[in-house]
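S.K.: Below: sequence and its predicted model.
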Amino acid sequence: MFEIVVVLCISLLIWGVLIYNRLVRDYNRVLAAWSDIDVQLKRRHDLIPKLIDAVRQYAAYERATVTAVTELRASSERSANVGERARLETALGHGLQRLVAVAESYPELKASTSFLALQKDLSEIENYIQYARRYYNGAVRNLNTRIDSFPDLTIARPFGFHAREYFELDTAGDRSAPERRQ
């Protein structure tokens, strides 16, 4: 009888350690995925002053767009909350689209090789942000599922694992496919 109790206790301990280690692994994946998003957002933020300077040279009267993009960039850099940062980054993305749309009104700017290179870089960074966001949201989904599922929740809650926020787009329009220009 004593041996059965000892084997049962050891089995429960091993089971608890395995669950805890899986939770730690998933939590670290979320942290690593957020780091990937953060790197791409910093790359985008570093590109913004260059875009603003290029547009400012040709479109001096577009100050409202330039000011809005600059303020959103600064606000996003100060934000520590994932949900708030996602909202600000979505707004910043819209602002960048408006800034690039300004270039369409200026043939000299549109033809500038440096502006075209900046546009290409911005497009590339936006794609990387999208990929990083997908990976992050997948890692968050796995962690949140584990935290909310039995038997893992019996280990997760006492050890302080909490559900994480998704890095989502804010509006339904953002989720729809962009229209193709002819």
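M.R.: Arrived safely, thanks for sending.

S.K.: report the longest helix in the protein, please.
M.R.: Determined from DSSP state H, the single longest helix within the chain is helix 2-58.

S.K.: got the buried residues for stretch 119-138?
M.R.: Gln119, Asp121, Leu122, Ile125, Tyr128, Ile129, Ala132, Arg133, Tyr135, Tyr136, Asn137 (16 or more other Cβ atoms under 10 Å). Every residue, glycine included, has its C-beta placed from N, CA and C.

S.K.: Please render those as CSV that adds distance to Leu153 to the earlier fields.
M.R.: Below are the buried residues of stretch 119-138 laid out as CSV (distance: Cβ to Cβ, whole Å):
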residue, distance to Leu153
Gln119, 48
Asp121, 44
Leu122, 42
Ile125, 38
Tyr128, 34
Ile129, 32
Ala132, 28
Arg133, 27
Tyr135, 24
Tyr136, 22
Asn137, 21
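
S.K.: Let me have those in JSON lines, adding secondary structure and pLDDT as columns.
M.R.: Below are those laid out as JSON lines (DSSP: H, G, I helix; E, B strand; the rest coil; pLDDT from 0 to 100):
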{"residue": "Gln119", "secondary structure": "helix", "pLDDT": "84"}
{"residue": "Asp121", "secondary structure": "helix", "pLDDT": "89"}
{"residue": "Leu122", "secondary structure": "helix", "pLDDT": "87"}
{"residue": "Ile125", "secondary structure": "helix", "pLDDT": "90"}
{"residue": "Tyr128", "secondary structure": "helix", "pLDDT": "92"}
{"residue": "Ile129", "secondary structure": "helix", "pLDDT": "90"}
{"residue": "Ala132", "secondary structure": "helix", "pLDDT": "93"}
{"residue": "Arg133", "secondary structure": "helix", "pLDDT": "92"}
{"residue": "Tyr135", "secondary structure": "helix", "pLDDT": "95"}
{"residue": "Tyr136", "secondary structure": "helix", "pLDDT": "94"}
{"residue": "Asn137", "secondary structure": "helix", "pLDDT": "95"}
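
S.K.: Out of these, the closest to Leu51 would be?
M.R.: Leu122 (6.9 Å; Cβ to Cβ).

S.K.: The closest one against Leu51, yeah?
M.R.: Yes. Between Leu122 and Leu51 there is a contact under Cβ atoms under 8 Å: 6.9 Å.

S.K.: Give me the common contacts of those two.
M.R.: Residues within reach of Leu122 and of Leu51 at once, by Cβ atoms under 8 Å, 6 or more residues apart in numbering, are Leu96, Val100.

S.K.: Thr67: neighbour count?
M.R.: 12 (other Cβ atoms under 10 Å).

S.K.: likewise Glu168?
M.R.: 14.

S.K.: Fine, thanks again, bye for now.
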